[in-house]
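Asks: structure here, sequence nowhere to be found:
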Ligand SMILES: [Zn+2]
Ligand SMILES: [Zn+2]
Ligand SMILES: [Zn+2]
């Protein structure tokens, strides 16, 4: 039987493995899941998952091995997820068979016919539909939408804490609840200060800036093709964060000079990106936000709709997806009053 071997690695390269797949099983179907478990465990707008054929499992490349992974299982989910214990990259999970994150297969990014983006799963889980409301066609192929017959309430029943629509602060919390904090709106003092230059929108100074990000490092630290960030002044976060940003179950990973990435050591959710060159601002992973209006948190954010960050990385990795996301965001933003462009300081 003819097979093809695919190679995967997280950002820190502690986790490296191959999967060997019968060629007749290609393309592997990829679904984007908008459910709250996926958002709150990844920190991304959704998970990107591809079920492996029955019996196919990751084969770790020494010195990597299963002992480099942390497992996480929530009672409401049948699956056990696994992430890199060092950098937090979500590599996939097991629910009888393996489901893997196609975003970490850098070596096979350009191979035609390996992956097929097939469906948006559980968009009803997000009140605004999340990315399912942004695009539905990739490379001319229309994605299916599958809610599995579940109501939004049934899906949300898995949340450890339901969002509070009356709250004056925005709750950010990973799935296990080990990392939890709130975000206030930009204060008048902040808006009036020089520090706010480039970090608030003239369109609406009561909201924070937000963008989609296609950067390679973010992809390999989340295990998802895209992450969304909200740029928040650190003094608007409660409780006050220590210099290393580590609260609760958070772990840190320095991915490059001056860059600190923070994830939950228990459930693996990406939480923060911080750069020493702009110490007062922290990028908050929007997948852990508990905004009642939905995954795009529009009551709290002004989106740069016209272009994602690091588009050249996204186009190199997966042109079809990056084009669908970019064009989808342009249309979505125009319909909903978000600016097409601004500089992020
Ligand atoms: Zn899900
Ligand atoms: Zn890693
Ligand atoms: Zn957690």
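Replies: Here it is on my side, so go on. Bear in mind the structure is a predicted one, so any value in this text is a computation, not a measurement. Residues are numbered from 1 along each chain as shown. Ligands and ions are numbered 1, 2, ... in the order given.

Asks: residue contacts, residue 298?
Replies: Residues in contact with residue 298, defined by Cβ atoms under 8 Å, 6 or more residues apart in numbering, are 128, 291, 336. Yep, even glycine has a C-beta here, placed from its N, CA and C like the rest.

Asks: ditto for residue 100
Replies: By Cβ under 8 Å, 6+ apart, residue 100 lies in contact with 8, 19, 49, 50, 52, 58, 91, 92.

Asks: out of these, which is nearest to residue 342?
Replies: Checking the contacts of residue 100 against residue 342 by Cβ to Cβ gives residue 49 as the nearest, at 32.8 Å.

Asks: with adjacent residues omitted, what lies nearest to the closest one?
Replies: residue 99 (4.7 Å; Cβ to Cβ, 6 or more residues apart in numbering).

Asks: which SSE is the one you found in?
Replies: Assessed by DSSP states H and E, residue 99 sits inside strand 97-100.

Asks: contacts for the helix or strand just after that strand?
Replies: Counting by DSSP H and E, the next helix or strand C-terminal to strand 97-100 is strand 115-121. Applying Cβ under 8 Å, 6+ apart, the contact partners of strand 115-121 are 27-35, 46, 50, 102, 131-132, 136, 138-139, 141, 143-146, 148, 320-321.

Asks: now strand 115-121: how far from the chain's centre is it?
Replies: Distance, stretch centre to chain centre, for strand 115-121: 16 Å (Cα atoms, centre = their mean, to the nearest Å).

Asks: then stretch 240-255?
Replies: 18 Å.

Asks: what is the rounded mean pLDDT of that stretch?
Replies: Averaged over stretch 240-255, pLDDT sits at 97.

Asks: enumerate every residue touching the residue nearest to residue 132 when sequence neighbours are not counted.
Replies: With Cβ to Cβ, 6+ apart as the criterion, residue 132 has its nearest non-adjacent residue at 3.5 Å, and that residue is residue 123. By Cβ under 8 Å, 6+ apart, residue 123 lies in contact with 34, 129, 130, 132, 133, 145, 147.

Asks: ok, residue 220 touching residue 109?
Replies: No: using Cβ atoms under 8 Å, residue 220 is not in contact with residue 109, being 11.5 Å away.

Asks: quick one: which of those two has more around it?
Replies: Neighbours were tallied for residue 220 and for residue 109 using other Cβ atoms under 10 Å; the higher tally belongs to residue 220 (24 against 15).

Asks: now the helix or strand hosting the more buried one: buried residues?
Replies: Applying DSSP H and E as the criterion places residue 220 in helix 216-222. By 16 or more other Cβ atoms under 10 Å, the buried positions in helix 216-222 come out as 216, 217, 218, 219, 220, 221, 222.

Asks: dump these to JSON lines, plus pLDDT and distance to residue 23.
Replies: Shown next, in JSON lines, are the buried residues of helix 216-222 (pLDDT from 0 to 100; distance: Cβ to Cβ, whole Å):
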{"residue": "216", "pLDDT": "97", "distance to residue 23": "28"}
{"residue": "217", "pLDDT": "97", "distance to residue 23": "31"}
{"residue": "218", "pLDDT": "98", "distance to residue 23": "31"}
{"residue": "219", "pLDDT": "98", "distance to residue 23": "26"}
{"residue": "220", "pLDDT": "98", "distance to residue 23": "26"}
{"residue": "221", "pLDDT": "98", "distance to residue 23": "31"}
{"residue": "222", "pLDDT": "98", "distance to residue 23": "29"}
